[in-house]
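>>> Sequence first, then the predicted structure:
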Amino acid sequence: MDNHFKNLLSTLTTLLKNIDDEFSPSISKQEGSIENYIERIRTNGSVLYSYKNDELRGIIIYFKNSDAIDVNLLWIRPDNRNTSTLYSMIRDAVSFEDDYNNMIRVRTSDKNHKAIRVIEKLGFSLVDRIPEDKLSGCTTLLYESKYALIRKYFKIN
């Protein structure tokens, strides 16, 4: 593994450790450890960073498989948590995977009202509720949409 790649992994590991407790349940609890999550990302995940004026605004981690792109983590720096940042990060993610034509899935807590509004406005449909998710103690909502419809929403050909 070259030094540049090692530095990227180290930076991602540090970031995930710093934001771990902002998720319920924490990333480390969901994955067993941050290191386990990093290994899963290395195996078949993608990481997109969002910057504005050379400052990190947020990060999206997703896993692409034959039937769907699963957005596994979407984090926005607290001082950037607004609807336009969320829209632009999702737009960037769907424009990056231009050869994909199946489904895209997003999970969120039933308590994350801002994310729910954006997800629904983008045309995602609620397909499942996981009541009292045993790790978080809250209801997890699973949304899904055809990938092409989300690209159409953002006017991406």
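Thanks, I have it.
>>> counting contacts, what elements does the longest helix anywhere in the chain pack onto?
For the chain, the longest helix by residue count, based on DSSP state H, is helix 3-19. Where contact means 3 or more Cβ pairs under 8 Å, 6 or more residues apart in numbering; DSSP states H and E, helix 3-19 is packed against helix 34-44. All C-beta spots, glycine's among them, are computed from the backbone N, C-alpha and C.
>>> Residue 90 is in contact with residue 121, isn't it?
No - applying Cβ atoms under 8 Å as the test, residue 90 and residue 121 come out as separate, 10.6 Å apart.
>>> where does this protein have low pLDDT?
1, 4, 98-100, 133-136, 157 (pLDDT under 70).
>>> picking that back up, and the helix or strand just after the longest helix of the chain, C-alpha only, in CSV?
With elements assigned by DSSP states H and E, the helix or strand that comes after helix 3-19 is helix 27-31. Written as CSV, here are the backbone C-alpha positions of helix 27-31 (Å, rounded to 0.1, in the frame of the first residue of the first chain):
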residue,chain,number,x,y,z
ILE,A,27,-20.5,3.8,14.2
SER,A,28,-18.2,1.6,16.3
LYS,A,29,-21.2,-0.1,18.0
GLN,A,30,-22.9,-0.7,14.6
GLU,A,31,-19.7,-2.1,13.0
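>>> Can you name the residues in contact with helix 27-31?
Contacts with helix 27-31, where a contact means Cβ atoms under 8 Å, 6 or more residues apart in numbering, come from 16, 19-20, 23, 34, 37, 40, 73, 135.
>>> mind running it again at 10 Å?
16-17, 19-21, 23-25, 33-41, 61, 72-73, 75, 133, 135-136 (Cβ atoms under 10 Å, 6 or more residues apart in numbering).
>>> Just give me how far that helix sits from the chain centre.
Helix 27-31 has its C-alpha centroid displaced from the chain centroid by 15 Å (Cα atoms, centre = their mean, to the nearest Å).
>>> Quick check: residue 42 touching residue 6?
No - using Cβ atoms under 10 Å, residue 42 is not in contact with residue 6, being 11.6 Å away.
>>> Residue 13: neighbouring residues, count only.
When neighbours are counted by other Cβ atoms under 10 Å, residue 13 registers 14.
>>> Please apply the same query to residue 93.
Taking other Cβ under 10 Å as the criterion, the count of residues near residue 93 is 20.
>>> same check, this time on the one 3 residues further on
Residues near residue 96, counting by other Cβ under 10 Å, number 13.
>>> for the closest residue to residue 111 other than its chain neighbours, what are its contacts?
Nearest residue to residue 111 in three dimensions, chain neighbours excluded: residue 138, at 5.8 Å (Cβ to Cβ, 6 or more residues apart in numbering). Residues in contact with residue 138 (Cβ under 10 Å, 6+ apart) are 24-25, 109-112, 130-132.
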